[in-house]
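> Sequence below, structure please.
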Amino acid sequence: MHPSSAITPPPLRRTRTGFTLIEVLATLVLVAIVLPVVMQGMSMSLGAAAIARSTIEAAQLADAKLNELIATNQAITGASAGDFGTDYPDYRWSVQSVQREDNLLEMAIDITWPWRNGERSITITTLVFMASTTTTTQQ
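Predicted coordinates for the structure are as follows:
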């Protein structure tokens with residue numbers, strides 16, 4: 001065998017072990033576009049959750065106050081208002097009662113609470129059957 005006829009191995013190829021500059025720049029541009037949108041979505045969802053929490057709390061307070069007014073026979077025709085004391089200092093209530101038919105009373109309670117630079121409120125309305133207090137005696 002002749003030394004020039006020996007098989008020589010192919011030259012070693014350099015393997016790629018990192019990212020190119022264009023790949024890194026493209027990734028940074030993509031992150032710069034997507035990140036603000038994601039953060040705005042997170043902010044909006046947190047705001048919606050806060051509104052939902054306070055609205056649910058107000059609805060529960062309205063239900064409890066209506067039940068209290070009905071149970072204590074304070075469901076009279078007219079209007080009254082108040083707050084929920086130290087337990088819920090930001091929430092205020094007002095109730096209006098209107099006689100609809102003979103023994104039917106419509107009660108509407110409005111719960112108001114501060115929200116950012118203004119106020120939010122919900123109104124819950126119910127009908128209450130007022131049993132007649134007159135009794136008849138048989139002869």
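> Locate the residue most central in space within the chain within the secondary structure: which element?
Taking Cα atoms, centre = their mean as the criterion, Ala52 is the residue nearest the geometric centre of the chain, at 1.7 Å. Taking DSSP states H and E as the criterion, Ala52 maps to helix 21-71.
> and that helix, average pLDDT?
Helix 21-71 carries an average pLDDT of 94.
> Can you give the contact residues for the helix or strand just after that helix?
Going down the chain from helix 21-71, the next helix or strand is strand 78-84, by DSSP H and E. Counting contacts by Cβ atoms under 8 Å, 6 or more residues apart in numbering, the residues outside strand 78-84 that touch it are 61, 65, 74, 89, 91-97. For every residue, glycine as well, the C-beta is placed using N, CA and C.
> Partner strands of strand 78-84 and their direction?
In the sheet, strand 78-84 lines up against strand 88-101 (antiparallel) (DSSP bridges).
> May I have the partner strand exported as PDB, CA atoms only?
Taking Å, rounded to 0.1, in the frame of the first residue of the first chain, the C-alpha atoms of strand 88-101 are listed here in PDB:
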ATOM      1  CA  TYR A  88     -68.500  46.900  57.200                       C
ATOM      2  CA  PRO A  89     -67.800  50.600  57.600                       C
ATOM      3  CA  ASP A  90     -67.700  51.400  53.800                       C
ATOM      4  CA  TYR A  91     -71.200  50.000  53.000                       C
ATOM      5  CA  ARG A  92     -74.400  52.000  53.400                       C
ATOM      6  CA  TRP A  93     -78.000  50.900  52.900                       C
ATOM      7  CA  SER A  94     -81.200  52.600  52.200                       C
ATOM      8  CA  VAL A  95     -84.600  50.900  51.900                       C
ATOM      9  CA  GLN A  96     -87.900  52.000  50.400                       C
ATOM     10  CA  SER A  97     -91.100  50.200  51.000                       C
ATOM     11  CA  VAL A  98     -94.300  50.700  49.000                       C
ATOM     12  CA  GLN A  99     -97.700  49.100  49.600                       C
ATOM     13  CA  ARG A 100     -98.700  47.400  46.300                       C
ATOM     14  CA  GLU A 101    -101.900  45.500  47.000                       C
END
